[in-house]
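Trainee: just to be clear, the model below is a prediction. Sequence and coordinates:
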Amino acid sequence: MIAAASAHAPFLSGLLLGASLIVAIGAQNAFVLRQGLLQVHRFPVALFCALSDALLIAAGVGGLGIAVGQHPHLLALIACVGALVLVWYGVQAFRRALHPHALTADTHSDAGSMWRVIATCAGFTWLNPHVYLDTVLLIGSLASAWPALGPRTLFAVGAATSSFIWFFSLAFGARLLAPVFRKPMAWRVLDVLIAVVMWTIAIKLLLSFLVR
């Protein structure tokens, strides 16, 4: 039994680490939550986010984290682009807050095409330097605690599993809040919060990578 627990230790460590990093208010989570409330393109959005995390985690555990860490100017460039994307989406969210609507069947048809939604989601995912810091650098460096390939793989699988659990839970569990968002005021509050989150993260990105 002790041997079995020891064999699962890398997977559980990766699972808990991934959960601690991903369960936080951020641009990506706010976007997934909104799509979940609209109940539009939930599956592709959750799948895209989870697969992106899995790919970055695999790259970090595979050694990319060391290479990226040696090029801080690359992260600074991504920070600038990511900050612009976040500012723009924050403006869009604030504009929606000025003209809120209730959650009805009509709002489902006005949620944008799947590819447009995925493109927006890709911006939040791949243009956010914190994603690289968490998945590639942090998880990649902590994976060194298991030098052998087998345990390192289990560690990576555990971290990726937490992403799949979280994003699909967020996308499909958001429907439980649907009764609340049948009121326009609830959408106004959510969109204002999303705008504040986007702008706050954009400012933090610029301060973290440019003001040194």
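Mentor: That came through fine. Residues are numbered from 1 along each chain as shown.

Trainee: distance of Leu84 from His41?
Mentor: Using Cβ to Cβ, to the nearest Å, Leu84 is found at 24 Å from His41. Just so you know, the C-beta spots here come from the backbone N, C-alpha and C atoms, and that holds for glycine as well.

Trainee: these two - which one has more neighbours?
Mentor: Remark: of Leu84 and His41, His41 carries more neighbours, 21 against 15, as counted by other Cβ atoms under 10 Å.

Trainee: list the buried residues of stretch 168-188.
Mentor: Within stretch 168-188, the residues that count as buried by 16 or more other Cβ atoms under 10 Å are Phe168, Leu170, Ala171, Ala174, Phe181, Ala186, Trp187, Arg188.

Trainee: pretty sure Thr125 is touching Leu51, no?
Mentor: No: using Cβ atoms under 8 Å, Thr125 makes no contact with Leu51, being 9.8 Å away.

Trainee: these two: which is more packed in?
Mentor: Counted by other Cβ under 10 Å, Thr125 and Leu51 do not tie: Thr125 has more neighbours, with 20 against 15.

Trainee: the spatially most central residue of the chain and Gly63: what is the separation?
Mentor: Note on the chain: the residue nearest the mean C-alpha position is Gln28, at 4.0 Å, using Cα atoms, centre = their mean. According to Cβ to Cβ, Gln28 and Gly63 sit 25 Å apart.
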